[in-house]
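Student: Sharing a model that was predicted from the sequence below.
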Amino acid sequence: MSEPATDQGQISLSELFFQPEELQKRVEALGGRAFHARILREQVLKNGVLNYADMTALSARLRDGFAQEHPILSCTEISRIVAEDGTTKLLLRLPGAADKEDTVETVHIPSHRRDADAGATLCVSTQVGCAVACPFCASGRLGLRRNLEAHEILEQYLMGRAMGKLSRSVVMGIGEPMHNYKNTLAALRVVHEELGMGARKITVSSVGFPDRLRAAAQDKPPFQLAISLHTPFDEERDELVPAMKGIPIEDVLAAGDDWFGVTGREVTYEYVLLGGTNDTHAHAHTLAQRLHGRRCTVNLIPYNPVAGMGYARPRGEDVEAFKESLIEQGLVATVRWSRGLEQDAACGQLRLRS
């Protein structure tokens with residue numbers, strides 16, 4: 001059980017983790033010493049303790065003082081919906097929420113593997129809403145409200161880990177991570193370095209802004225990159241990914257090449273298959289031509305229906321034919337059938353709810 005989230009105006013312990021000097025100052029103000037700040041950090045980030053009462057390595061005075069002034073988490077869990085396959089969607093209200101729409105969703109996806117060491121995958125959001133506005137995705141229906149702070153991104157991991165071991169993370173929830181890169185990177189560095197999740201186990205999905213990707217590559221960030229492509233045709237991509245209108249696909253692919261050259265990590269190209277729209281033989285053939293000679297993987301994602309969006313889920317045989325066409329043309333291609341579909345917890349279905 002975790003400490004309650006902050007009241008408006010309070011600063012949470014998770015936020016203080018990104019202000020180490022301020023954390024030390026507040027520890028000392030409550031009678032502690034500098035090393036107690038390190039213990040607080042280790043208890044939460046390394047050991048997963050989300051209740052001050054369980055931090056027995058600290059004095060009762062320090063624990064009580066922090067419990068009164070600095071709740072560990074700033075976000076509040078509003079609801080928890082569990083799908084038939086065990087996928088769990090958490091609706092989180094953000095601190096200082098102005099109205100019912102100041103919420104995000106994060107999804108905990110248990111492994112299909114039966115061994116005890118198999119951990120879950122956590123799908124994380126980086127923004128409240130999304131400015132990319134893909135017409136087949138629920139997350140951008142209300143536009144962009146604000147970026148999540150680094151500690152609000154981190155808290156999704158802390159809540160997800162409290163549900164069980166995490167083995168992987170996909171930053172593919174609500175928002176475009178490259179529009180909130182600074183906070184996303186800060187949170188993921190903590191996830192990698194202190195929660196212990198390997199860089200190759202963290203995947204960040206972006207629609208592929210070339211300049212932003214090239215700048216991010218220079219940081220050698222602790223994550224894998226997935227670029228949401230969705231079509232090999234420029235004119236169609238302008239419609240499917242409005243925020244990228246006027247940016248040629250070849251520019252996006254060149255930025256992916258540069259990412260691989262700088263980081264040494266291959267890019268995954270995500271492709272949401274929309275029935276009768278971008279799942280034709282011509283699409284598969286042209287996509288293979290675009291990616292020919294590039295070290296990459298194509299991850300095909302059959303569209304997950306969203307009411308009112310006007311797109312159809314592809315037939316299983318069309319998905320398989322598309323994949324086989326790519327493979328026959330020399331590409332590495334996989335299909336990701338999303339989980340949690342019936343509870344709107346699948347890829348493209350996350351949105352602001354109350």
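Tutor: Okay, I see it. Numbers count the residues shown, from 1 in each chain.
Student: Where does the prediction get shaky in the protein?
Tutor: 1-9, 97-101, 113-117, 338-354 (pLDDT under 70).
Student: which residues of it fall in helices?
Tutor: 13-16, 20-29, 34-41, 60-69, 150-161, 181-193, 210-217, 234-240, 249-263, 281-291, 316-328 (DSSP state H).
Student: Tabulate the ones you listed (TSV), appending distance to residue 135 and mean neighbour count.
Tutor: Every C-beta, even on glycine, is put in place using the N, C-alpha and C of the backbone. Below are the helices of the chain laid out as TSV (distance: least, Cβ to Cβ, whole Å; neighbours: other Cβ atoms under 10 Å):
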stretch	distance to residue 135	mean neighbour count
helix 13-16	35	24
helix 20-29	43	16
helix 34-41	43	17
helix 60-69	46	16
helix 150-161	26	24
helix 181-193	24	20
helix 210-217	22	17
helix 234-240	7	16
helix 249-263	18	18
helix 281-291	17	17
helix 316-328	20	16
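Student: Any chance of those helices in TSV with distance to residue 297 as columns?
Tutor: Output for the helices of the chain, formatted as TSV (distance: least, Cβ to Cβ, whole Å):
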stretch	distance to residue 297
helix 13-16	34
helix 20-29	38
helix 34-41	36
helix 60-69	45
helix 150-161	25
helix 181-193	21
helix 210-217	17
helix 234-240	19
helix 249-263	11
helix 281-291	10
helix 316-328	10
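Student: Tell me which of the ones you listed lies nearest to residue 77.
Tutor: The closest of those to residue 77 is helix 150-161. By Cβ to Cβ, the value is 6.9 Å.
Student: List the neighbours of that closest one that are in contact with it.
Tutor: Helix 150-161 has contacts (Cβ atoms under 8 Å, 6 or more residues apart in numbering) with 2, 12, 14-15, 17-18, 44, 48, 50, 73-75, 77, 90, 92, 94-95, 104, 106, 108, 120, 122, 124-126, 166, 169, 182-184, 186-188, 190-191, 195.
Student: again with stretch 312-332
Tutor: For stretch 312-332, using Cβ under 8 Å, 6+ apart, the contacting residues are 273-277, 279, 281, 283-285, 287-288, 291-292, 296-298, 300, 302-305, 333-335.
Student: can you check stretch 210-219 too?
Tutor: For stretch 210-219, the external contacting residues (Cβ under 8 Å, 6+ apart) are 178, 181, 185, 206, 225, 227, 247, 251-252, 254-256, 258-259, 262-263.
Student: what do you get for stretch 191-203?
Tutor: 41, 45-46, 154, 157, 161, 166-172, 188, 221-226, 265, 268.
Student: Quick one: buried ones out of those residues?
Tutor: 41, 45, 154, 157, 161, 166-172, 188, 221-226, 265, 268 (16 or more other Cβ atoms under 10 Å).
Student: Among the contacts of stretch 191-203, which ones are in strands?
Tutor: Counted as lying in strands by DSSP state E, out of these, are 166, 167, 168, 169, 170, 171, 224, 225, 226, 268.
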